[in-house]
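Undergrad: test case, fold it:
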Amino acid sequence: MHLKDRPYLCTKCGKGFADKYGLKSHALSHSEEKPYICNFCESSFKTQGALNVHVRVHTGEKPYSCKECGKEFRQAANLIQHERTHTGEKPYECEVCKKRFNHSGKLKIHFRTHSGEKPYVCPHCKRCFAVRDTLKKHIWTHTGQRPYKYKKSKSAKEVLPRFPCEICNKMFKFKANLISHQRTHTKEKPFLCSTCGKAFGEKHGLKVHLNIHTGEKPFSCTVCDSKFSAPTALRIHMRRHTGVKPYQCDMCEKAFFQASNLISHKRSHTGEKPYVCSLCAKRFSASNKLKIHMRMHSGEKPYRCTQCGESFARKDVLTTHMRRHTGEKPYTCKICHQSYSQSGTLYTHMKTQHKQKTEPPSMEF
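TA: Predicted coordinates for the structure are as follows:
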């Protein structure tokens, strides 16, 4: 997004925003004003969003659930960080020693081993520490008392975990959290989309899904400003900026942005083709390939060129076609600098003109 698309500028730091609301919300970061007050403990916050997250400490609400292990989180950012423990993704790299981390906060702490920065000062003996938690533990040596992690609620009793899961013995503070967790075992999906009938185990999952029907895309990329209807789609998109491909084939070491692409790719080694066309019995290794194939039978061509009106069965074919109108040639030969509108044409050029054994264009969607 260019500056002309962000006309509302912060007078303090010059950062631009697309609307007045974004600028107003940002301005609070420069102010000491905290107008949003918690009704439970009277803690104050600069934004409504920060207050909403804090209130979940009191209510026990954890709306973001890991699909791999069922662990729940109060914030989407914490879920994203946790999911990297499953994928092994470490997008944050130290510029000094190249060590990688799965969270920007861990990189920030690590960098202090190089800079020598110790911003946390003990109020009792003035000793300095690089990590806040290390300071907290140090303070115990002076006070003899472990500090509370959160302020105790003035209006709500402290709630101890007392609802056990009969299947895995995991404990929960609230019955609602237990009921939600049990669905990871029973596979029950009580939340139905009234538009298409798709079922979900969590109300939050249904809420995100509804964005597909409404066209709402509330999740924005901070790098290129692309917008998405679901946080998972945003996470996958962000990997295209970082270049991180956490899903690697153990047969040929080819890596992918998405687990589904890896699963589909592995079938090229095994020869498995589980998706069968009901009309001609042709088999496919991926469901999206079957979906595209079915359009040959139905004649459906959902992708229409806005320039000449020609329609196509596949989105990538439309993208290639559009380059005839724009003149764009994004695929360039590194040897002779000849450019092409299609990756396949470049592949053929490299093979015939330069005798290069390059990898054929990927069919990853």
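
Undergrad: can you tell me what sits against stretch 278-295?
TA: 264, 267-268, 272-277, 297, 300-302, 313-314, 365 (Cβ atoms under 8 Å, 6 or more residues apart in numbering). No exception for glycine: its C-beta is placed from N, CA and C like everyone else's.

Undergrad: with stretch 86-101 instead?
TA: By Cβ under 8 Å, 6+ apart, the residues outside stretch 86-101 that reach it are 66, 68-69, 83-84, 102-104, 106-107, 110-111, 114, 238-239, 242, 244, 246-247, 259.

Undergrad: what about residue 81, neighbour count?
TA: Here the count is done by other Cβ atoms under 10 Å, and residue 81 has 16 residues near it.

Undergrad: if we can go back for a sec, from the contacts of stretch 86-101, which land in strands?
TA: Among the contacts of stretch 86-101, the residues falling in strands (DSSP state E) are residue 247.

Undergrad: got a list of what residue 216 touches?
TA: Applying Cβ under 8 Å, 6+ apart, the residues contacting residue 216 are 210, 229.

Undergrad: so what's the backbone phi/psi at residue 48?
TA: phi -60, psi -40 (degrees, to the nearest 10).

Undergrad: just checking, which helix or strand of the protein averages the lowest pLDDT?
TA: helix 20-27 (a mean of 74; mean pLDDT, DSSP states H and E).

Undergrad: which of the residues in that one are classified as buried?
TA: Neighbour-count burial for helix 20-27 flags 23, 26-27 (criterion: 16 or more other Cβ atoms under 10 Å).

Undergrad: which one of these is nearest residue 73?
TA: Nearest to residue 73 among those: residue 26, at 25.2 Å, using Cβ to Cβ.

Undergrad: skipping adjacent residues, who's closest to that closest one in space?
TA: Distances taken as Cβ to Cβ, 6 or more residues apart in numbering place residue 10 nearest to residue 26, at 5.9 Å, with adjacent residues excluded.

Undergrad: how many neighbours does the one you found have?
TA: Neighbour tally, residue 10, other Cβ under 10 Å: 15.

Undergrad: just the one 5 residues further on next, same as before
TA: A count of neighbours around residue 15, defined by other Cβ under 10 Å, yields 13.

Undergrad: isn't it right up against residue 9?
TA: Yes. The pair residue 15 and residue 9 qualifies as a contact (Cβ atoms under 8 Å) at a distance of 7.2 Å.

Undergrad: per-residue pLDDT, residue 1?
TA: Looking at residue 1, its pLDDT is 43.

Undergrad: tell me which residue is most central in this structure.
TA: What sits nearest the mean C-alpha location of the chain, by Cα atoms, centre = their mean, is residue 235, with 2.3 Å.

Undergrad: separation between that one and residue 31?
TA: Here the distance between residue 235 and residue 31 works out to 32 Å (Cβ to Cβ, to the nearest Å).

Undergrad: which phi and psi does the closest residue to residue 174 other than its chain neighbours have?
TA: Once flanking residues are discounted, residue 174 sits nearest to residue 60: 4.5 Å by Cβ to Cβ, 6+ apart. When read as degrees, to the nearest 10, the backbone of residue 60 gives phi 80, psi 0.

Undergrad: check whether residue 60 really touches residue 173, as I assumed.
TA: Yes. The pair residue 60 / residue 173 is scored as a contact, 4.8 Å apart, by Cβ under 8 Å.

Undergrad: low-confidence regions, the stretch 1-150 of the chain specifically.
TA: 1-5, 21, 145-150 (pLDDT under 70).

Undergrad: ok, which stretches of the stretch 201-350 of the chain are strands?
TA: Ranges of strands within the stretch 201-350 of the chain are 219-220, 227-228, 247-248, 255-256, 275-276, 283-284, 303-304, 311-312, 331-332, 339-340, based on DSSP state E, counting those that start in this stretch.

Undergrad: remind me what the third one packs against, helices and strands.
TA: On a contact count with 3 or more Cβ pairs under 8 Å, 6 or more residues apart in numbering; DSSP states H and E, strand 247-248 meets strand 255-256, helix 259-270.

Undergrad: please compute how far the first one lies from its chain's middle.
TA: The one in question is strand 255-256. 17 Å (Cα atoms, centre = their mean, to the nearest Å).

Undergrad: each with direction, which strands does that strand pair with?
TA: Based on DSSP bridges, the pairing partners of strand 255-256 within the sheet are strand 247-248 (antiparallel).

Undergrad: format the strands of the stretch 201-350 of the chain as a markdown table; extra columns: mean neighbour count and mean pLDDT.
TA: Shown next, in a markdown table, are the strands of the stretch 201-350 of the chain (neighbours: other Cβ atoms under 10 Å; pLDDT from 0 to 100):
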| stretch | mean neighbour count | mean pLDDT |
| --- | --- | --- |
| strand 219-220 | 16 | 82 |
| strand 227-228 | 16 | 86 |
| strand 247-248 | 16 | 86 |
| strand 255-256 | 17 | 88 |
| strand 275-276 | 15 | 92 |
| strand 283-284 | 16 | 92 |
| strand 303-304 | 14 | 91 |
| strand 311-312 | 14 | 92 |
| strand 331-332 | 14 | 89 |
| strand 339-340 | 14 | 90 |
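
Undergrad: need the ones you listed in a markdown table (columns: distance to residue 185).
TA: A markdown table is the format used below for those (distance: least, Cβ to Cβ, whole Å):
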| stretch | distance to residue 185 |
| --- | --- |
| strand 219-220 | 29 |
| strand 227-228 | 30 |
| strand 247-248 | 26 |
| strand 255-256 | 30 |
| strand 275-276 | 29 |
| strand 283-284 | 33 |
| strand 303-304 | 41 |
| strand 311-312 | 44 |
| strand 331-332 | 49 |
| strand 339-340 | 53 |
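
Undergrad: which stretch among the ones you listed comes nearest residue 50?
TA: strand 219-220 (18.3 Å).

Undergrad: right, I'll call it a day here.
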